[in-house]
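J.: just coords:
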């Protein structure tokens, strides 16, 4: 028996060493993922470095209004003479924060609804019909309605968008949980006496983490875009605090004379959404085959 | 060891039946699928009952009924003296749960890919609760050693291991709370041939060292022969024959058992096999009246098609459900 | 190597190597495998997972997944041509027309949205250019040939209405529709119940005699091999380790792996106290093992085995084995006797 153990150990080592950091290695090798990751990283660093600039984003200087991009103001100035580069950086903080909050909120609530639906068949019909109702309206309209009801503040934007995106996340988690439920390790847990709560949180949820994460990156991207749309309609984060969306909104009237006001935040939004999408695609490519039971 | 004397069965199954209700499309009443049809058997402590059958025999369903994974439709299951079937079955089941465990067929689906091996093995402990961290860790190490795996395995994830190793991990998990009865549902079917012998030997060793009883479910008659004490044969939900191992294999009585034994290819090129039994397993959706095997049976009589045969004892521990006897 | 068959083999695989790119690196699934099949012969290929038996079979028909496979090296000689270098159009004519294949899982091998008649007819229309009506008539004949009762009615049904055994028969019908010279059967009965397996094996044997086909039967089940094959090739970790007529293989195996396998399989007809198991496990396909691939597990291993990759050596009439120490011992014993 000892001899057999030794050979088991040897072959086990060989297989394990090879498979151990497989996911990480694959991610690092995936071109789209790395590009997306770097883009997002750069944006986050830029956002966090906003205070280092030393310039107050809300400081008005009417004398310097409508200056095109030049050395003193890399992104130019707006109608109040405020430096747009600083505003864009601070706007990154707010917009990225909104994106993250929406992704996290819709992730958490969507996941809860998803596993509950998968575990309790009777709840399933009820919850899924509610999700269907929410999905029937385009997310933007829903967000507009909720935002208008809650008032033009940052947190209402976050809540409105989170609610709008919960159904998507819930469906993804539910689909994954339904598949996981049929696997034998769930039966094994039940044989040992595991409660439905334990099964949901220890078994179903962790196995839905992959698709949930991928979906959350896409929600992040949608949220940033949606925030811009909401700001455009005046329901976004209230001025003077800059967000990418409201900089664009304010700059719209001056599109002909000061094109740079809309350009840079617009570009930032596109870049952020692109980066997140690439990141999400990469994650999905790497994680997707792993969702199948490993062989 | 417990105080029960070794001839009192730890498992008593009487007239156990399981019906599944299958909803049919286009409205209409759901069809009844009788997966297990009034079976009865006992398992004595320290022995292995091999349960063999082909697809549709109901053997896997029987295994799951025994551990309460599926509720029975009628009949009685009593484990360690507690009756777990019926309306008041939940409490007794909770009481004996720690004495029961299950080993699954698929080494790739029976372990949570997101949990470390140590946590997989400790799941019964975690669910039962009340163990200190040290005790838990010690027990996990002890279990790994018992199944022939190095301790370092506990920190790794299931996907880092081969099928045979994962099956060992599944067995370790089953042993966590020192069960007395382990249901093994096709535990070696998904493994390579050269690995099957290792796992069978492990199960036999564990039985000797820990005094375990097994219900060993399999379709492979040779595998069952290598591990069982008694063997029961199921066909289309019914138990057609049961006998001590050597008796069943050398002197089977039921025509199905005989056909089954004859049909298995042997690693002997000189053997000439009789032509195969024709026909197929009948649909358990609408079971025909009488004996389920009547349509294929070479010895079928008129009575077989109309009257379900009763189970009769024909020898020491040997029961057959056939009108011939 | 003296052989009772003096005719040239109808299919000859020569030094075939197939490599795949997996998540864990390159692996050599088939490592310089050679085999031959005579007219009307039943060749069995037996091996466990990772042995390369299925990949070898798929390579004969060039069915391997293209992007991750490096082009196989070696030759596959059939009818005087090398199948590996054949233009695609000619290869397609051979697939189904002259060399056919049936697979393990009858549940997923048939198209769920086409009727049986359509699926059998596909082969007939492609290779023999018959029209729809003739194809249907021939499909019914074929269903009767594979012993499906009530063929005229069944031919219009969809696969989901048939049981596993029936679907396997339909697969066989599709495969033999154009009277191929060679049928490759990859684990055809593994997913079937024992009694159905016996039926299918009987059917295959009868068809082989009736149609004069050669058959390559791939399986991990030694019992099935013993029943069906005339000659057996044992594969391990991508290499051929032994080739032998079936009787000799079971009576006097040469390679320690064959011997270990025969001892380790559970026995139906005797009570054995403990099965002598082969220690260790099948090597990871991407692992590189110096010397003999079986050496980590071999009970008779010697130092040379671990250093030098052993060649395939002749070990008697129609016998070869990849184990120099055992072959030498066998030859010495044979000489001692005579």
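T.: It's in. Predicted model only: the values in this text are computed from it and were never measured.

J.: Can you get me a residue count around the closest residue to residue B:119 other than its chain neighbours?
T.: Ranked by Cβ to Cβ, 6 or more residues apart in numbering or on different chains and with sequence neighbours excluded, the top spatial neighbour of residue B:119 is residue B:126, at 7.7 Å. Yep, even glycine has a C-beta here, placed from its N, CA and C like the rest. Using other Cβ atoms under 10 Å in any protein chain shown, the number of residues around residue B:126 comes to 17.

J.: What does the pLDDT read for residue B:126?
T.: According to the predicted model, the pLDDT of residue B:126 comes to 95.

J.: State the helix or strand in which it lies.
T.: Secondary structure from DSSP states H and E places residue B:126 in helix B:123-128.

J.: Is residue C:147 in a helix, a strand, or coil?
T.: Secondary structure state of residue C:147, per DSSP: H, G, I helix; E, B strand; the rest coil, is coil.

J.: right, I mislabeled it, should have said residue B:56
T.: Assigned state for residue B:56: coil (three-state reduction, three-state DSSP).

J.: just residue C:233 next, same as before
T.: Using three-state DSSP, the three-state assignment for residue C:233 comes out as strand.

J.: Likewise for residue C:106?
T.: Classification of residue C:106 using three-state DSSP returns coil.

J.: okay but it is in contact with residue C:160, surely?
T.: No - the criterion here is Cβ atoms under 8 Å, and residue C:106 misses it with residue C:160 at 11.5 Å.

J.: So for those two, which residue has more residues nearby?
T.: When residue C:106 and residue C:160 are compared on other Cβ under 10 Å, the one with more neighbours turns out to be residue C:106, at 25 against 10.

J.: can you tell me the helix or strand for the residue lying closest to the more buried one once chain neighbours are set aside?
T.: Closest residue to residue C:106 apart from its sequence neighbours, by Cβ to Cβ, 6+ apart: residue C:167 at 3.6 Å. With the criterion set as DSSP H and E, the secondary-structure element containing residue C:167 is helix C:164-176.

J.: That helix: what's the following helix or strand?
T.: Taking DSSP H and E as the definition, the helix or strand right after helix C:164-176 is strand C:182-186.

J.: partners of that following strand, with directions?
T.: Its sheet considered, strand C:182-186 pairs with strand C:99-102 (parallel), strand C:214-219 (parallel) by DSSP bridges.

J.: what residues does the longest one touch?
T.: In other words, strand C:214-219. Counting contacts by Cβ atoms under 8 Å, 6 or more residues apart in numbering or on different chains, the residues outside strand C:214-219 that touch it are C:10-11, C:37-46, C:53-54, C:57, C:60, C:181-190, C:204, C:208, C:224-225, C:228-229.

J.: Quick one: the strands paired with strand C:182-186 as CSV, columns for mean neighbour count, mean pLDDT and distance to residue C:277 too.
T.: Listed next are those as CSV, based on neighbours: other Cβ atoms under 10 Å in any protein chain shown; pLDDT from 0 to 100; distance: least, Cβ to Cβ, whole Å:
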stretch, mean neighbour count, mean pLDDT, distance to residue C:277
strand C:99-102, 23, 94, 32
strand C:214-219, 24, 96, 21
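
J.: wait, what's in contact with residue A:215?
T.: Shown here is residue A:215, whose contacts under the criterion Cβ under 8 Å, 6+ apart are A:107, A:110, A:168, A:169, A:172, A:280.

J.: Just the closest of those to residue B:272, please.
T.: Each of these was checked against residue B:272 using Cβ to Cβ; the closest is residue A:172, at 58.0 Å.

J.: Now do the same contact list for the closest one.
T.: Counting by Cβ under 8 Å, 6+ apart, residue A:172 touches A:110, A:114, A:208, A:211, A:212, A:215.

J.: ok, longest helix in chain C?
T.: Assignment by DSSP state H gives helix C:194-211 as the longest helix of chain C.

J.: which stretches of the chain have low pLDDT?
T.: All of this is about chain A. Low-confidence segments of chain A, defined by pLDDT under 70, span residues A:1-21, A:288-295.

J.: Not quite, go with chain C.
T.: For chain C, residues meeting the criterion pLDDT under 70 lie at C:1-7, C:65-69, C:337-338.
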